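# Following is a predicted model, sequence given first.
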Amino acid sequence: MIYRRFLFVVLIVGLLACLTLAVRRERHEHRANRVEIVMDDQDFQSLARSYAYDQRAFLIALRRAGLTSLAVQEELGGQVSSSPGAAFYAGTALLDQARLTGFHDPVFARLAVHGIRSDEVYLVAYDAATAARYAQQLPIKFSRRAVRVLRTTLPVVYAIRTQPDYFGTVGLGLPEDRLALARELGLALVPRLQNDERFAAPQIDALLHDAIDRNHAHTVVFFGLRNQVLGYPDNIDATANAMRADKLDFGTIETYDAKQDQAGNESLAKDLPNQTVRVEAISKPEQDKLRPEEIVQRYDLGVRERNVRVVYLRPFAHQWAGRSIEATNVELVRQIAQGIRAAGLRIGPASPFDRFETRWWEIALASLAVPAILLLLLLDFGFGDRRWAIAFIAVDVLLVVAGFAVHHDMAVRKLLALIGAIAFPVAGFVAIAPALRAPRAPSTSAAILDGLRVLAIATVVTLGGVLVVVGLLSTPLTMLEIDRFSGVRLVLIAPPLLFLLLYLFSPRWGAGVTPKQFAQAPVSVLQLVAGIVVLGAGYLVLVRSGNQSDIAPSSLELAVRAHLTTLLQVRPRFKEFVVGFPALMLAGALLPGDRARWGWLLALAIGVGLGDVVDTFSHLHTALAVSLFRLVNGAVIGAIVGAIAVAAYRRFRPAGGT
C-alpha cells in the first residue's frame, strides 16, 4: 500500500509539471495572436492588367476589407523586357542588328563604340530609381569584374558578362514602383527573395538590408526556381544572423509533400525558432478547382487549427454569386478577415511564438509521470517493488540529463512521450475493467449512467498521456510543425492491439482464455467477416493518419466534416465520437453471451478511441484550446451516440436473450 501511494505521489508530481508546461505553452499561443493577410503582387498585377482594373483602387478596396501586406517578388532578368523602366539585349542580337541595319538610336550607336561582345548582355535603365537598384544589385548577383557601366547618365547602360538564359533567372531586386505603391497605400511589404548558392554573408546582408530599407517589412518569404531559402546550402546561419539583425521573421510555407519543401527550410527555422511564422498558400492550379467558400474555409481552418499566421492569397479569377472578379476578391478578403476575428485573433503583422525554453530539470520532473504509470500498471498485474521504482526513475532521469548534455534532448523527450502516450490509454482500459464484467444494469437509464461513468473514467486517465505529450514536446518548432512527434502512428496502433491482447488473455476483463483455447475456439462466419472488416478499417486508420493521407476522404465525408465545422466551429474526430466513445458506453451493457462473442471487437474500438484522444493532442501545431474543444465536442456527441446505442441494444436484446 505504501509503495502504491509513493507511485501515485510521483505520478502526480510528473503530471503537475506537465500541466505547468502546458499552461506556459497556452500563454505563448495566446500572445501569438496576429495574422497577416498578404496578396501576391505578381499574380495581382497579372489579373488587374488582364481586366484593365485600376490597381490602386483595387488595392485600396482590398486593404479596407482586411488586406495587410503586399508580397513583392524580386524582378527576374527575364522580366526586364516587360518592365516600363528597363530593357535588356543579348550581345549576339545586337551584333546581328549592327551587321544588318546598324543603329539609328543614339544610345545604341554609342554603345557600339564601346565594343559589343557576344558573351555579354546589355541592361538599359530608363529612370533613376531603376538605375540605382541595378547599380546596387548587379555587384551582389555578379562579380564586379563581370559588370561594366557603359553609360552613367540616363538611360544608364550596363554590360554584364553572362549568358542570356542565366541572366533571365537572376533576381534584380524589388521593383521600386511596387514598393512605392505599397507605402502609399499603407500596406506592409513581404519581400520575396531568391537564393543564389554562391552567396556568402556579405551578399546575404546586402540583399536583406536592401529589401527592407525604407520599406515596412516584417516577414520574408523566399522563392525561386530551385525552391531554396536564402543562404542554402552553406550559409543558412548567415541568413539567420542577418534576419535577427534586421528583425525580420521567416515565413515557412506549409506543405503536405516533402518534395515541395523549400531546401533549407528546417535549418533556418531551427536557427530562428522565435522568428518563424507559418504561411498557408493555395497554388493557382488548385485554387481554380475550388469554390470561394472552400477557399475561405481552408484559410479559416489553417488559422484556427494549425497556427497559420500568414494567409498568402493569390487573386481568384472567377466570379462569385454575381459579383465582378474585383468584388469577388474583395469579398474573399473580407470573409477571411472576419473569420480571423471570429477566432479571437487580430489582423496585423504576423506574430511568431516567443522564445519557449524548458530547462532540463523541468523536463526531468515532467517525465516522472512515465515511469510512475508504467510501475503502477506492472503493480496492478503483480509485478514490481521499490527496487523497480528506483531503477525506473533513475533510468528516466539519466536519459533526460544525458539528452540535454549531448544536445539531443528532443530524441529522449519523444521516446518518453511515446511510452506515456501508450501507457496512459492502457491504464484507462485497466481502470474500467470492473465495468466490463459487471452484471447487466436493471434499467436503460442505469445502463446509460454506467456507460457515462466508464467513458469519464477512461477519458480522464487517458488525459494523463495527453499531458505527458504536451508537457514534454511543446516547443516553438513542434508548434510550427518544423519538428514532429514521429510516434503518432504508434499511438494509434498500439492501444487497440494491447487492449485486444489484455481482453482476450487476462481474466480481469471477463474473457481470460489461454492462447491454446483461443486458437481452438470456433469462429462464426459473422465473426470472420467482422475480423476482415476490422483489418481493413485498421489499414485505413493508418494510411489516413496525418494531414496528408495516402487515401483522400470521400466527397460525403468532406461534406460531413464541413457541416460539423460550421455547426461546432471545431470538428470532432470520427474515431472518437463514432467508434471509441460509443464502444466505451456499450461494452458494459452487453449480455454475457454477446460479450463473449463481440467483446474483442469493442476492446479494439475502445483502443482506437482512447488512442485517438492522445493523437489529437499529438498534433502539436494545433492550438491547445482547439484540441481541447475538439475533445469536448467528441465526448458530448460520442456520449449521445453511445446512449442511443445502449438504448437500442437493450430494446432489441432483452435480459432473457442469449
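That came through, no problem.
# in the protein, what residue sits furthest out from the centroid?
T101 (59.9 Å; Cα atoms, centre = their mean).
# ok, now how distant is it from A109?
In this structure, T101 lies at 12 Å from A109, with Cβ to Cβ, to the nearest Å as the measure. Placement of C-beta: from N, CA and C, glycine included.
# Next: R31.
From R31 over to A109 (counting by Cβ to Cβ), the distance is 64 Å.
# Distance of the nearest residue to A263 once chain neighbours are set aside relative to T219?
If the residues on either side of it in the chain are set aside, A263 comes closest to Q228, at 4.4 Å by Cβ to Cβ, 6 or more residues apart in numbering. From Q228 over to T219 the distance is 18 Å, taken as Cβ to Cβ.
# Compare those two (neighbour count), which wins?
Under the neighbour definition other Cβ atoms under 10 Å, Q228 and T219 were set side by side, and T219 has more, 26 against 20.
# Show me the strands in the chain, by range?
Along the chain, the stretches classed as strands by DSSP state E are 34-40, 69-73, 86-90, 120-125, 147-151, 156-161, 188-192, 219-220, 249-253, 276-281, 308-313, 346-347.
# could you check the angle strand 120-125 makes with the third one?
Following axes from the mean of the first three to the mean of the last three Cα atoms, to 10 degrees, one obtains 170 degrees for the angle between strand 86-90 and strand 120-125.
# what lines up beside strand 86-90 in the sheet?
Listed by DSSP bridges, the sheet partners of strand 86-90 and their directions read strand 120-125 (antiparallel).
# Give me the mean pLDDT for the strand it pairs with.
Strand 120-125 carries an average pLDDT of 93.
# Give me the contacts around that strand.
Residues outside strand 120-125 that contact it (Cβ atoms under 8 Å, 6 or more residues apart in numbering) are 77, 80, 85-91, 94, 107, 111, 116, 131, 134, 138, 150, 154-164, 167.
# list the buried ones in stretch 270-282?
D271, L272, P273, Q275, T276, V277, R278, V279, E280, A281, I282 (16 or more other Cβ atoms under 10 Å).
# One more: stretch 48-64?
Across stretch 48-64, burial judged by 16+ other Cβ under 10 Å covers A48, Y53, Q55, F58, L59, I60, A61, L62, R63.
# swap in stretch 143-155?
Along stretch 143-155, these residues count as buried under the neighbour rule (16+ other Cβ under 10 Å): V147, L150, R151.
# Just confirm the second one contacts F108, I think it does.
This means L150. No - at 10.6 Å, L150 does not count as touching F108 under the criterion of Cβ atoms under 8 Å.
# Looking at the residue farthest from the centre of the chain now. What's its pLDDT?
Note on T101: pLDDT of 74.
# now swap in F505 and tell me
So, for F505, pLDDT stands at 82.
# Could you report the distance from it to I373?
Following Cβ to Cβ, the distance that separates F505 from I373 is 21 Å.
# Show me which of the two is the more surrounded one.
With other Cβ under 10 Å as the criterion, F505 and I373 differ in neighbour count, and I373 comes out ahead with 26 against 16.
# Distance of the more buried one relative to G465?
For I373, the distance to G465 (Cβ to Cβ) stands at 8 Å.
# shared neighbours of the two, anything?
When contacts are counted by Cβ under 8 Å, 6+ apart, I373 and G465 have G420, A423, F424 as shared neighbours.
# tell me, how many neighbours does R198 end up with?
So R198, with other Cβ under 10 Å, has 11 neighbours.
# so how far is A188 from it?
In this structure, R198 and A188 are separated by 30 Å, where distance is defined by Cβ to Cβ.
# on that earlier part again, looking at the buried residues of stretch 270-282, which is nearest V460?
Using Cβ to Cβ, R278 is the member of the buried residues of stretch 270-282 that sits closest to V460, with 32.1 Å.
# count of neighbours near the residue nearest to the closest one when sequence neighbours are not counted?
With Cβ to Cβ, 6+ apart as the measure, V308 is the residue that lies nearest to R278, at 4.8 Å, once sequence neighbours are left out. V308 is surrounded by 25 other residues when neighbours are defined as other Cβ under 10 Å.
# Can you list the low-confidence ranges for the stretch 301-450 of the chain?
Scanning the stretch 301-450 of the chain with the threshold set as pLDDT under 70 gives no residue ranges.
# Quick check: T169 vs G78, distance?
For T169, the distance to G78 (Cβ to Cβ) stands at 7 Å.
# Surely A65 touches V330?
Yes - the pair A65 and V330 qualifies as a contact (Cβ under 8 Å) at a distance of 4.9 Å.
# Looking at these two, which has the bigger crowd around it?
Using other Cβ under 10 Å as the criterion, A65 and V330 rank with V330 on top: 21 against 18.
# Could you check how far that one is from L100?
Using Cβ to Cβ, V330 is found at 51 Å from L100.
# and the closest residue to S83 other than its chain neighbours, how many neighbours?
Using Cβ to Cβ, 6+ apart and skipping residues adjacent in sequence, the residue nearest S83 is E75, 6.7 Å away. The criterion is other Cβ under 10 Å. On that basis, E75 has 25 neighbouring residues.
# who's in contact with E75?
Under the criterion of Cβ under 8 Å, 6+ apart, the neighbours of E75 are S83, G171, L172, G173, L174, P175.
# Need these in CSV (columns: distance to H621 and neighbour count).
Listed next are these as CSV, based on distance: Cβ to Cβ, whole Å; neighbours: other Cβ atoms under 10 Å:
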residue, distance to H621, neighbour count
S83, 40, 16
G171, 31, 22
L172, 36, 25
G173, 34, 22
L174, 31, 25
P175, 35, 23
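# for these, which one is nearest F381?
Sorting these by how near they are to F381, with Cβ to Cβ, puts G171 at the top with 65.1 Å.
# hey, what's that closest one bridged with?
G171 has these beta-bridge partners by DSSP bridges: L76.
# For it, give its distance to Q79.
10 Å.
# and if you look at G344?
Counting by Cβ to Cβ, the gap from G344 to Q79 is 41 Å.
# quick one: which of those two has more around it?
Neighbours per residue (other Cβ under 10 Å) separate G344 from Q79, with Q79 holding more: 17 against 10.
# how about that one, what does it touch?
Contact criterion Cβ under 8 Å, 6+ apart gives no residues in contact with Q79.
# circling back to that earlier point, quick one, phi psi at the residue nearest to S83?
E75 has phi and psi values of phi -70, psi 130 when expressed as degrees, to the nearest 10.
# Got the domain ranges for the protein?
The record assigns the chain these domain ranges, following automatic domain parsing: 2-26+355-652, 33-74+174-347, 79-167.
# Show the low-confidence segments of the stretch 151-300 of the chain, by residue range.
Applying pLDDT under 70 to the stretch 151-300 of the chain flags residues 214.
# in it, which spans are helices?
All helices of the stretch 151-300 of the chain, identified by DSSP state H, counting those that start in this stretch, fall at 164-167, 176-185, 201-212, 236-246, 265-271, 284-287, 292-305.
# can you list the ones you listed in CSV and add distance to I340?
CSV is the format used below for the helices of the stretch 151-300 of the chain (distance: least, Cβ to Cβ, whole Å):
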stretch, distance to I340
helix 164-167, 41
helix 176-185, 20
helix 201-212, 25
helix 236-246, 25
helix 265-271, 23
helix 284-287, 19
helix 292-305, 6
